[in-house]
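[1] My questions are about this predicted structure, shown below with the sequence.
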Amino acid sequence: MDLRHTQVKVYRQASREISATAAENSTQQQDQPSTMGPNTKLPASDSPQLCLHQPTPEECIQIWSKTAAAWKDSLTVPLYILEAQYLTTVPLARNRGMTTWVLADASLPANHRPLLCSSESFRKRALASDAHGNVKECVVHGIASVFCPAEFRGRGYGSRHMRELAAALRRGWQGEGRGASVGCVLYSDIGKRYYARLGWRPHPRNAHFAFPPAQGGVAEETPARARAQVVAERDLGALCSRDEAMVHAAMATPCSATARRRVVVLPDLEHMLWHIRKADFATAYIFGKIPAAKGAAAGSAPGKQVWAIWTHRYYGHPDHVDEAVEGVGEAGGNVLYILRLVVEGDGTANRPREEGRLPPLPMTEKETEEYTERKEALEAVLRAAQSEAAEWRLDSVKLWEPSPLVERMIEESGIEGVEWVEREEESIASALWFEEGGEGEDGGGGGDGDDGEGVVWVNNEHYAWC
């Protein structure tokens, strides 16, 4: 409790001290003479003068000022700029884990050059495994916030930026001592075709379950042995460590149905805290407090437990629904995203779907008892998520790509109003792989379910989104 109060106090003080400065800087950027005069000739997208740079702090303010209209969500523009600065200091981003990139003319000086396109990349711990279960640590880069200002669109700068970025990441950017860079992933909000043309093939399963918030703010009762407990921030480290061990064990299991490589972004503590810090910032602004529950857990003992880690996402201020960006958040509205769902003993999890064979029916009496216990624990955790969504005025709970076993259990549960949604335009997970499945320097690798010669991307879940 003291930690959360301290965080809220810090955010409020930072907002007072920095928001005015950010707004002033933004105004100054707008008041400065433009480097694009009426006679300025933009370089062609294939010009050798174009290359990637890391922007200056002043140029970052310029980027955030321009992207605010699309991505500020529930925040004001000054607070969005403050949040962007803050999110460079949190887990996953800090210690050079995050890099901002701009495409610009190398002949022009910093702070006096048009920023033709910008993006961010995040270094993500990952595992790669072959058909025999030989596992190696590696790096997968997450690409985010790809933005081309309106005045520079239609000239090929976005495509040039992405090709240059893929080449830079392929060379092992920020991967020192962490294993090879095996690929990069992104989450397209403009459908599947644009990035597929550049080599990022969409994952074949971009889908999720959507649950309504609890009616009246209280979920239905579940059996006493499956009552969910709050997962606090102090619990996350131990849960993530247990989860990582299970992922590693699954990746070390030989594949019988495919000879392709498997790659998984690890569901580590840094990923969870990056999402949670973003949510903390928004809830501190909207409500003046931070959620105590970072997830929920149920089950009788280690080895038989179920837990979810979640984050709160406000695409619009809940008091000003008319100001929300239409359609943002996959289906509109504010969302409690389940970042990671773990069902201990789930033999269909952390592996390619064709490997995730469901337990045969009928089951033995002991198998039935264990299955029922896990199903009740899962239902308790999901109902806790519904209650959390209701308490924090969120419009839905979303669970990306559950395992085959979890899918079956949800379909058998008594939870009402559950929908299965296939995403076609927004949050389209797409990957370009660099090793053993790539097609040349700028070519794409494979995705799960392509031609059988690519890479299987395991666990397309929300924790890896950026």
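    Ah, there it is.
[2] burial of Ala301, as a residue count?
    Burial of Ala301 is recorded as 7 neighbouring residues (other CB atoms under 10 Å). C-beta: built from backbone N, CA, C; applies to glycine.
[3] repeat for the one 3 residues further on
    Taking other CB under 10 Å as the neighbour definition, Lys304 ends up with a count of 15.
[4] Let's verify it: helix, strand, or coil?
    On the three-state scheme (DSSP: H, G, I helix; E, B strand; the rest coil), Lys304 is labelled coil.
[5] hang on, Ile276 in a helix?
    Yes - assessed with three-state DSSP, Ile276 lies in a helix.
[6] wait, it sits on Ala292?
    No - Ile276 is not in contact with Ala292 according to CB atoms under 8 Å; the separation is 11.6 Å.
[7] out of these two, which sits in the more crowded spot?
    Comparing Ile276 with Ala292 by other CB under 10 Å, the one with more neighbours is Ile276, at 24 against 13.
[8] Now do the same for the more buried one: its pLDDT.
    Listed pLDDT for Ile276 reads 98.
[9] Repeat that for Leu361.
    72.
[10] how many neighbours does it have?
    Leu361: 8 neighbours (other CB under 10 Å).
[11] right, and the helix or strand after the lowest-mean-pLDDT helix or strand in the chain?
    One helix or strand of the chain scores below all others by mean pLDDT, DSSP states H and E: helix 2-31, with a mean of 49. Once the chain leaves helix 2-31, the next helix or strand it forms, by DSSP states H and E, is strand 50-53.
[12] Extract the CA atoms of that next one and return them as PDB.
    Extracted C-alpha coordinates of strand 50-53, given in PDB (Å, rounded to 0.1, in the frame of the first residue of the first chain):
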ATOM      1  CA  LEU A  50      18.900   8.100 -45.900                       C
ATOM      2  CA  CYS A  51      19.800   6.000 -42.900                       C
ATOM      3  CA  LEU A  52      18.700   5.200 -39.400                       C
ATOM      4  CA  HIS A  53      19.700   7.400 -36.400                       C
END
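[13] low pLDDT regions in the stretch 251-400 of the chain?
    257-259, 321-332, 356 (pLDDT under 70).
[14] any idea how far Asp130 is from Lys294?
    35 Å (CB to CB, to the nearest Å).
[15] who's more crowded, the two?
    Lys294 (27 against 16).
[16] Distance-wise, check that one relative to Glu426.
    In terms of CB to CB, Lys294 sits 25 Å off from Glu426.
[17] Equivalent analysis for Glu83, please.
    To Glu426, Glu83 is 21 Å away according to CB to CB.
[18] These two: who's more crowded?
    Using other CB under 10 Å as the criterion, Glu83 and Glu426 rank with Glu83 on top: 22 against 16.
[19] Next, Gly347: secondary structure please.
    Applying three-state DSSP: Gly347 is coil.
[20] surely it meets Leu405?
    Yes - counting by CB under 8 Å, a contact exists between Gly347 and Leu405, whose distance comes to 7.3 Å.
[21] For those two, indicate the residue with more neighbours.
    In terms of neighbours (other CB under 10 Å), Leu405 is the more surrounded of Gly347 and Leu405; the figures are 22 against 17.
[22] Could you measure from the more buried one over to Ile415?
    For Leu405, the distance to Ile415 (CB to CB) stands at 16 Å.
[23] what do you get for Gly303?
    Look at Gly303 and Ile415: by CB to CB, they are 25 Å apart.
[24] and what of Ser65?
    43 Å.
[25] Equivalent analysis for Lys366, please.
    Note on Lys366: its distance to Ile415, by CB to CB, is 26 Å.
[26] domain assignment for the protein?
    49-206+428-464, 207-232+292-422 (automatic domain parsing).
[27] and the end-to-end length of the longest one?
    Yep, that's domain 49-206+428-464 we're talking about. With CA to CA, to the nearest Å as the measure, domain 49-206+428-464 spans 34 Å from end to end.
[28] With the shortest one instead?
    From the first residue to the last, domain 207-232+292-422 extends over 4 Å; the measure is CA to CA.
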